[in-house]
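*Asks:* Let me see the structure of the following:
(3 chains)
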Amino acid sequence: MSTTQTVAPDSPSSAVKTTTCYMCACRCGIKVTLRGGEVRYIEGNPEHPLNQGVICAKGASGIMKQYSPARLTQPLRRKAGANRGDAEFEVISWDEALRTIEERLAHLRATDPKKFALFTGRDQMQALTGLFAGQFGTPNYAAHGGFCSVNMAAGMIYTIGGSFWEFGGPDLDRAKLFVMIGTAEDHHSNPLKIAISKFKRSGGKFISINPVRTGYSAIADEWIPIRPGTDGALLLALNAEIVREKLYDEAFLAEYTNGGYLVNDDPNSPQYGLVVANGVTPADNPHRNHSQLWWDAGIEAAVSNHAPGCKPALFGHYTLPDGTPVRPAFALLAERLEPYTPEWAAEITGIPAARIRALAREMGEIARDHKITLPLAWTDSWGRKHDSVTGNPVAFHAMRGLAAHSNGFQTIRALSILMSLLGTIDRPGGFRHKAPYPRGTPPVFARNPVTPDAVKPNTPLAGAPLGFPASPDELFVDDAGNPMRIDKAFSWEYPLAVHGMMHNVIANAWRGDPYKIDTLFIFMANMAWNSSMNTSETRRMLNDKDPDNEGGEYKIPFIIVCDAFESEMTAFADLILPDTTYLERHDVMSMLDRPISEFDGPVDAVRVPILPPKGECRPFQEVIVELASRLKLPAFTNPDGTRKFRDYPDFVVNFQTAPNSGQGYLTGWRGENGDSPMIGIPNPKQWDMYAKNNCVHQHHLPPEITYMRNWNQGYHDWATNVKLRRYGDPIMIQLYAEVLQRFRLAARGHGKRQPPAHLKDRIEKFFDPLPFYYEPLEVSATDKEKYPLAAITQRPMAMYHSWDSQNAWLRQIHTHNYLFLNTKTAQAAGIADGGWLWVESMHGRVRCMARYSEAVEPGTVWTWNAIGKSRGAWHLAEDANESRRGFLLNHLISDELPAGEGRRMSNADPLTGQAGWYDVRVRVYPAGAEEPEESFPQFEAMKPLPGTTKLQRLWQAFAAGEHK
Amino acid sequence: MTQLALVIDLNVCVGCHACVTSCKEWNTSGVAGSLSDANPYGKDPSGTFFNRVQTFEVGEFPNTQTVHFPKSCLHCEDPPCVPVCPTGASYKREADGLVLVDYDKCIGCKYCAWACPYGARELDENQKVMKKCTLCVDRINDTSLADEQRKPACVLACPTNARLYGDINDPESIVSKAIRENGGYQLMPEWETKPANHYLPRRSASAIDNELSRKVEQQRTNPLKPTGAPAKP
Amino acid sequence: MNPAFSVIFLTTLIGAGQGLFLALFAAESSWLGTAPATGAALYVRGDAIALTLLIAGLIASFFHLGHPERAWRAVAMWRTSWLSREVIVLPVFMAMVALHGVCHFSGNVSCVAITGLAAAILCLALFYITAMNYVCIKFLQEWATPLTIVNYTLLGCASGFTLATALAAALEPALAPALARWALNLTLAAAATRIASLLRNARLKPKSSLQSAIGMQNPRIVQKSQGFMGGSFNTREYFHGKTRQLVQSVKWGFLLLAFAIPAWLLATGASGQYAALAFVIQYIGLVAERWFFFAQARHPQNLYYQAAS
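*Replies:* The predicted model follows:
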């Protein structure tokens, strides 16, 4: 290797192309410089609205992902006679691989489509995979949201019609106080970094509430340490203080929330707890009846909501003419909040009561005294014209720290309510929506199947595999109330599991509960390692044979894994399909799925291939389109039975949500000439136009329809016109969640669908229409004397889950992980800084290394997520630090709650099924001097897979274009 | 005389390491490259980087500050690493004040690294020559690039704009203003190396004129008083 | 610092070579208090041995270089760099020693006088220059003291005179007792100044601290991450990674080996075997001393490389 560079950095042989990053899910625009056919430089694209030219550590290390020796390059089949997990594979052709899958799936589709399960990991192509599953006719489909952050999505969408990250976020350009709870680093990574920096430079105050001070919290003006899983208590106390001190935005609550809606207060009525409405539910929109009543104190009578000249009563007891006792929803909320004093919350959260009280006042006073007025004329849903938009500049952001607890849904309800009490929803300086949100509370755009007969051979599902249930009638259960999905989502166990429950799939399929499946297709999810709780047991289940089956068939008979890298999961596959990297594929960040919209309008984006696929790698989407075509799924097949789409790019351009709907995967450059944004007939040159325009399409809305969008008629007219919303009705903030009350009434014996006896109490308790705090389920089931410490993970900014240990640059930053303990906690346990210790939960124990820290509250221990690896996985040497010194906290976390009454329940939120990653309790003690200085548990080393790069060089020095 | 430098704003650095890897990727294929990595997929991987982000904890729980601290060559105005070099491989460029290494002259004696109190120089242990931050000399001098692109890779990458770049001898430059207005300081002033790179301390919020916020602010002990204002014990 | 054996051998070998030459020069200049040697053998062989030591040192130094083939470039910066000066003076001195030996061999008295004087001046300059390489790094506070110059000079002279004693015992026995006295005195003087530097260094308060390193005044600053985990040049070059106990035993070891035992041997008598033994032990002691010299130096950069996580 010469010490001097012989090729000029930007010699004529270099070329620059734009595409979209995929080193994490943030989706920044990038410019890729090539030299001699190799990637010379990846930089942020300054023309891109999301990242405005910046890039993160992961994005800037894309080169080492592209040239990683861990890349899979050929389809592989488990060798006959080899066990799963042994990683003994033989190379097969794509033809054979596809034929194998086609034959298997065709049979399943013709017999029992639900025996095929498709679950996907860190992808953002659910509009395609969901379509495929629905067309196939299996309900057993979901992405990884159930074990990611479904509580955040569901808790907020069911309350305010939008959520954090791609569907909404804090308006830090105008906020004066920013409160971040339960976030270390985030999916919306670079945009949030850009915004926080600007916010701080403009003098805003940034408060972070987190058990640990890392990441963004590091630059907070104040760090408020909190015990994990107790955020709900804090938020309820803040709500209570805001109400007690009358610091809420009364006009906002009256007009834009259901706080003034009258709620049936007759405990004997089958309508008890439901909002009283006097109108008729529209047939085409069963979720929307907008004839709820207000109490007009002036005339002392119930009137239709938003009756001209009326201000609704927010407190009091009233009686309707028919004798029904009613109370305004806000009064119920206020009553609920009363016992939640700062002193009560202080005991639970560890935050001094005075600080809680002061924090509430700080929020309330800044919201009240620093109002922002924008001279934007707009018309509300009730036809009233306003000449300005007002904002209360207190902004929030939260993520998995709130979500990944079994009390997360109600906690996030409490947060959404706090944001609403402060009058900050879709207003300047507060929370703002991003298209396609806001949507209904809950939305109706996707409807899951509800009865067993929805699954029929050779027939697509009528709706989508996933939806947003608004009542027990929308659960997917049989007549006896038993789950119908393999993951038990939308069952009485987890009724609002709107993202599915990927974390239940392997255990359920292994047990055959509720039924056995045949083929499990996993895309880009590391279920044999960091994406599963109870990892060792999960690996055993994957490898468990079925004694009833002759020929040593497995309990889960056939597993297909599609991934670009040699992850732990690939070892357990029967068939491995080599995916491409993000630089080798077409991709869409679709408005039908999870786009990258900005506050001021929709934005979607694409990836285009910068490089040819390595080896025989094939993009997963091409595999899906190919299989869909071979299986002749209707959406992919012409009436004459011929294949409808040549390939994935062709599909993206020409697919429409309904015949001639004009709505497709991409919103940019639609119409014959590409001059029709959002809606228009397919444009055959759409890809070229994206490629010429930085691979992104941004649609700026007139500013007057970019605020108050829950109730902005101008916005609704536009949104229904471009089919982002089906109905243009107002989206009322659900301070009082009537949807939850419907489930509770079912538990009390009302309605045609009622929970099985053993789940009645669970539904009754947790489906409370008003927010409440309960200790996380796993915590309640733990002997806290024995296991006094909470153990959590934080996401490092330079590593995306388990993905980057094969990256030569990033792994130097996080080569292995330590357990961080408060100095005093560690010393009390006799654990040395840098020493080896055992961390033990009631489910298992791991040996790892300790690092003292003053930036973690004393009752919490934590580590970086997913740095520890199984030996030999990700193509690392067997003595790599990741496996010998790194560890995985997952070994301590059970996938199921301790059995109560002999019934198994997922270690998950009882409403949404969100995996309770952060509920585990542990104890710590020093490892013995005689013990090996190596993390525990260790696993048999994984052999390198055929097709990966065998070379293990001592030295590596990459210079693009020198390798020719 | 021009003295190019970085000003690093600790008030907004979140420790994301974007500057670390963007530097590596630009420079490994640039005039300063390639940059070697030892054991890239094995035990104790180790490589040549020009820039590192370190983490310090300041104060005691609960009054703890987590400080992310990016560190690269400070391009001292009086660089102790330069006069000790026996071959002239290490030099300070007159035109812009950059401290650079001519790899073709470097004999790999490591003396310059010994003579740097900041540990800013790293020997490429494969190529056996001393390497360090060049402020992306092949970007900032590349007239074929657009003006806004003629900045070090780390500066362009930084998501929080915590890295400002400019001429500290030009009182009107963004870096001079930042130093002046925000209490910019130098590292290890005791050695009188006059580092060109400066750091901006943590600063408290100012936009909210709110009595309560102020009260809360006062109650907290601030563990992060910048140099010059010693903390009371 | 992590002691580099190439530099340890360079400095100890040339130190001994320089000392040996000075002993020869002292002998021929009748400064020993006895009559100069009668024959040329001591000088010729002495110069040859001195030259051998110098060449060995030079060879050792090449192992320190990443690119020894470019070593010639090191003469360029003599205006500013002590290392450059050393690179110039060392070969000139070696040439002069060689010439000095040749003059002795040929019996040219004036040639001997001129080359002897020139070589002696170069020799002292070399001691100074070599030491200045370390003294000039002001933030390596353990090194940045005139004592370093004194020590380098006296330690080199002590080992050189001890070696000269052994040589004389074989070749010019008449000179041996005087040389032994000188060697003893130099050893004792070196011990005194080296102990003085140990005492000084023990009391040194580092000027740099984590506070000045990152510019924050809080008394409690702890590094949690140096930014990488698998080590780097910065963690390998400046940390010896040895326990405190080992470093302390090296200190006591070199005090014993470089000073106490050779002094006792030299004081016991001027027999060739004793002097030769004294030289070998003293040289080993000096290697340990030089190891300790590097290990004891705390580089301020280490403040930035305290912890991985």
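
*Asks:* A:Met23 and A:Thr581, how far apart?
*Replies:* Going from A:Met23 to A:Thr581 by C-beta to C-beta, to the nearest Å gives 10 Å. Yep, even glycine has a C-beta here, placed from its N, CA and C like the rest.

*Asks:* Chain neighbours aside, what residue packs nearest to residue 89?
*Replies:* Since you didn't name a chain, this refers to chain A. A:Leu76 (3.9 Å; C-beta to C-beta, 6 or more residues apart in numbering or on different chains).

*Asks:* To clarify, I was referring to chain C.
*Replies:* C:Leu126 (5.1 Å).

*Asks:* that older thread, what do A:Met23 and A:Thr581 both touch?
*Replies:* Common neighbours of A:Met23 and A:Thr581, using C-beta atoms under 8 Å, 6 or more residues apart in numbering or on different chains, are A:Lys65.

*Asks:* re earlier: remind me which helix or strand the residue nearest to C:Val89 belongs to.
*Replies:* Assignment of secondary structure by DSSP states H and E places C:Leu126 within helix C:109-135.

*Asks:* elements contacting that helix?
*Replies:* Secondary-structure packing of helix C:109-135 (3 or more C-beta pairs under 8 Å, 6 or more residues apart in numbering or on different chains; DSSP states H and E): helix C:5-28, helix C:82-106, helix C:146-171.

*Asks:* will you turn those helices into a markdown table that also has mean pLDDT?
*Replies:* Below are these laid out as a markdown table (pLDDT from 0 to 100):
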| stretch | mean pLDDT |
| --- | --- |
| helix C:5-28 | 96 |
| helix C:82-106 | 96 |
| helix C:146-171 | 96 |
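
*Asks:* As CSV, the ones you listed with distance to A:Ala110 would be great.
*Replies:* Shown next, in CSV, are these (distance: least, C-beta to C-beta, whole Å):
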stretch, distance to A:Ala110
helix C:5-28, 76
helix C:82-106, 82
helix C:146-171, 89
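
*Asks:* Turn those helices into CSV, including distance to A:Lys950 and mean neighbour count.
*Replies:* Below are the helices and strands packed on helix C:109-135 laid out as CSV (distance: least, C-beta to C-beta, whole Å; neighbours: other C-beta atoms under 10 Å in any protein chain shown):
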stretch, distance to A:Lys950, mean neighbour count
helix C:5-28, 37, 26
helix C:82-106, 44, 21
helix C:146-171, 53, 26
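
*Asks:* Identify the bridge partners of the residue nearest to A:Phe89.
*Replies:* A:Val91, A:Ile576 (DSSP bridges).

*Asks:* What residue in chain A comes nearest to chain B?
*Replies:* A:Gly203 (3.2 Å; C-beta to the nearest C-beta).

*Asks:* Now do the contacts for C:Phe105.
*Replies:* Applying C-beta under 8 Å, 6+ apart, the residues contacting C:Phe105 are C:40, C:44.

*Asks:* May I have stretch A:352-369 as CSV, with CA atoms only?
*Replies:* Provided in CSV are the C-alpha atoms of stretch A:352-369 (Å, rounded to 0.1, in the frame of the first residue of the first chain):
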residue,chain,number,x,y,z
PRO,A,352,-38.7,15.7,44.3
ALA,A,353,-42.3,16.9,44.6
ALA,A,354,-41.1,20.5,44.5
ARG,A,355,-39.5,19.9,41.2
ILE,A,356,-42.6,18.3,39.7
ARG,A,357,-44.6,21.3,40.9
ALA,A,358,-42.2,23.8,39.5
LEU,A,359,-42.0,21.9,36.2
ALA,A,360,-45.7,22.0,35.8
ARG,A,361,-45.7,25.7,36.5
GLU,A,362,-42.8,26.2,34.1
MET,A,363,-44.7,24.5,31.3
GLY,A,364,-48.0,26.1,32.1
GLU,A,365,-46.6,29.6,32.5
ILE,A,366,-44.5,29.5,29.4
ALA,A,367,-47.5,28.1,27.4
ARG,A,368,-49.7,30.9,28.8
ASP,A,369,-47.3,33.9,28.9
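
*Asks:* how about the strands in chain B?
*Replies:* B:4-9, B:37-38, B:46-47, B:51-58, B:65-72, B:90-92, B:99-101, B:122-124, B:129-131, B:163-167, B:198-200 (DSSP state E).

*Asks:* Any stretches of the chain with poor pLDDT?
*Replies:* With no chain named, the answer covers chain A. A:1-13, A:284-287, A:549-552, A:900-902, A:951-952, A:963-964 (pLDDT under 70).

*Asks:* meant chain C actually
*Replies:* In chain C (pLDDT under 70), the answer is C:36-37, C:269-270.

*Asks:* do that again at 90, thanks
*Replies:* Scanning chain C for pLDDT under 90 picks out C:29-40, C:107, C:109, C:172, C:174, C:268-273.

*Asks:* Any idea which residue of it lies closest to chain B?
*Replies:* Counting by C-beta to the nearest C-beta, chain C gets nearest chain B through C:Gly66, at 1.9 Å.

*Asks:* can you pull the contacts of that residue?
*Replies:* Contacts of C:Gly66 (C-beta under 8 Å, 6+ apart): B:106-110, B:123, B:127-129.

*Asks:* could you redo the last one with a cut-off of 10 Å?
*Replies:* Residues near C:Gly66 by C-beta atoms under 10 Å, 6 or more residues apart in numbering or on different chains: A:3, B:106-110, B:123-130.

*Asks:* With respect to chain C, which of these is nearest?
*Replies:* The closest of those, once distances to chain C are taken by C-beta to the nearest C-beta, is B:Gly108, at 1.9 Å.

*Asks:* For B:Leu35, see how far away the closest residue in space to the closest one that isn't next to it in sequence is.
*Replies:* Nearest residue to B:Gly108 in three dimensions, chain neighbours excluded: C:Gly66, at 1.9 Å (C-beta to C-beta, 6+ apart). Shown here: C:Gly66 relative to B:Leu35, a distance of 15 Å by C-beta to C-beta.

*Asks:* and the closest residue to A:Gly463 other than its chain neighbours, what is it in contact with?
*Replies:* Nearest residue to A:Gly463 in three dimensions, chain neighbours excluded: A:Arg447, at 3.7 Å (C-beta to C-beta, 6+ apart). Neighbour list for A:Arg447: A:461-464, A:466-469, A:474 [criterion: C-beta under 10 Å, 6+ apart].

*Asks:* And C:Phe9, by the same measure?
*Replies:* Going by C-beta under 10 Å, 6+ apart, the list of residues near C:Phe9 reads C:56-57, C:59-61, C:63-64, C:287, C:290.

*Asks:* Look up phi and psi at A:Glu896.
*Replies:* phi -130, psi 150 (degrees, to the nearest 10).

*Asks:* and it, bridged to which residues?
*Replies:* When assigned by DSSP bridges, A:Glu896 has beta-bridge partners A:Ser906.

*Asks:* Number of residues surrounding it?
*Replies:* 18 (other C-beta atoms under 10 Å in any protein chain shown).

*Asks:* and what of C:Ala35?
*Replies:* Counted with other C-beta under 10 Å, C:Ala35 comes out at 11.

*Asks:* so which strand or helix has it?
*Replies:* Going by DSSP H and E, C:Ala35 is not in any helix or strand.

*Asks:* Tell me the spacing between the nearest residue to A:Pro457 once chain neighbours are set aside and A:Glu90.
*Replies:* Spatial nearest neighbour of A:Pro457, excluding adjacent residues (C-beta to C-beta, 6+ apart): A:Ala110 at 5.4 Å. Using C-beta to C-beta, one obtains 29 Å as the distance from A:Ala110 to A:Glu90.

*Asks:* what does A:Ile517 give?
*Replies:* Counting by C-beta to C-beta, the gap from A:Ile517 to A:Glu90 is 25 Å.

*Asks:* Name all residues that make contact with A:Phe620.
*Replies:* Contacts of A:Phe620 by C-beta under 10 Å, 6+ apart are A:120, A:123, A:125, A:128-129, A:523-524, A:562-564, A:577-580, A:585, A:587, A:648.

*Asks:* Go back to the residues you listed and keep what's next to chain B.
*Replies:* Applying C-beta under 10 Å from any C-beta of the partner chain to the contacts of A:Phe620, one finds that nothing falls near chain B.

*Asks:* now the residues you listed: which count as buried?
*Replies:* A:120, A:123, A:125, A:128-129, A:523-524, A:562-564, A:577-580, A:585, A:587, A:648 (16 or more other C-beta atoms under 10 Å in any protein chain shown).
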